[in-house]
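Chemist: Okay, sequence plus prediction incoming.
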Amino acid sequence: MTRALDSLKGLFYKARPLGAAVAALWVSVAAAEVVSGAQLPDGSQKVGENRYRAPHDFEKTLEYYKSVYPAGTFPRRSVVNQPGVKAVHIVNPSGKNFEGLNIYEANDEVRIYVVPLQAAPASAKPAKKSEPKSGKKSR
């Protein structure tokens, strides 16, 4: 009698391509760094306040963000498209932690800027009506 482990069925198993792709995506997303609530590609390097150098080219960085922030939920708009410069803004519709992301390529380098929340302007206190200094009330 042959046990299931002794059979040759296991030798002919092929991994499903979709499952492998999902697993690879999950691993790449799980390893990513989060800054101010915004997810950055694994391997991003900090170059300034809220500014990071992406490890891949512009197209691969945009593909990464399509998987992390779907275009249907996180609107995108082209900021600039000039010779040598490309830029896309991804809006954070929840408005929590960060306003959005700017992804841009210039001088053969891809950068990511995490747009911080704008500080709410201090609400001006309503000016008190000044009463006349004389003892008479104005009519």
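Modeler: Here it is on my side, so go on.
Chemist: tell me the SS of residue 94?
Modeler: coil (DSSP: H, G, I helix; E, B strand; the rest coil).
Chemist: That one and residue 52, how far apart?
Modeler: Distance, residue 94 to residue 52, using CB to CB, to the nearest Å: 21 Å. For every residue, glycine as well, the C-beta is placed using N, CA and C.
Chemist: and residue 37, what does it touch?
Modeler: Applying CB atoms under 8 Å, 6 or more residues apart in numbering, we find residue 37 in contact with 92, 96-98.
Chemist: One more pass at 6 Å, please.
Modeler: Contacts for residue 37 were tallied using CB atoms under 6 Å, 6 or more residues apart in numbering; they are 97-98.
Chemist: between residue 94 and residue 52, which one's more packed in?
Modeler: residue 52 (23 against 10; other CB atoms under 10 Å).
Chemist: Identify the bridge partners of that one.
Modeler: residue 46, residue 112 (DSSP bridges).
Chemist: begin at 564 from here
Modeler: Yes, from this point I'll number from 564; that puts the last item at residue 615.
Chemist: from what I can see it touches residue 675, true?
Modeler: Yes. At 4.6 Å, residue 615 counts as touching residue 675 under the criterion of CB atoms under 6 Å.
Chemist: can you give me the helices in this protein?
Modeler: For the chain, applying DSSP state H gives helices covering 580-593, 621-631.
Chemist: neighbours of residue 673, just the number please.
Modeler: There are 22 residues near residue 673, going by other CB under 10 Å.
Chemist: oh sorry, the question was meant for residue 659
Modeler: The tally of other residues near residue 659 (other CB under 10 Å) stands at 10.
Chemist: From residue 677, how far off is it?
Modeler: 13 Å.
Chemist: And for residue 665?
Modeler: Residue 665 is 8 Å from residue 677, by CB to CB.
Chemist: Residue 651 now?
Modeler: 14 Å.
Chemist: for residue 601, same thing?
Modeler: Counting by CB to CB, the gap from residue 601 to residue 677 is 5 Å.
Chemist: and residue 599, backbone torsions?
Modeler: With angles defined as degrees, to the nearest 10, residue 599 sits at phi 50, psi 30.
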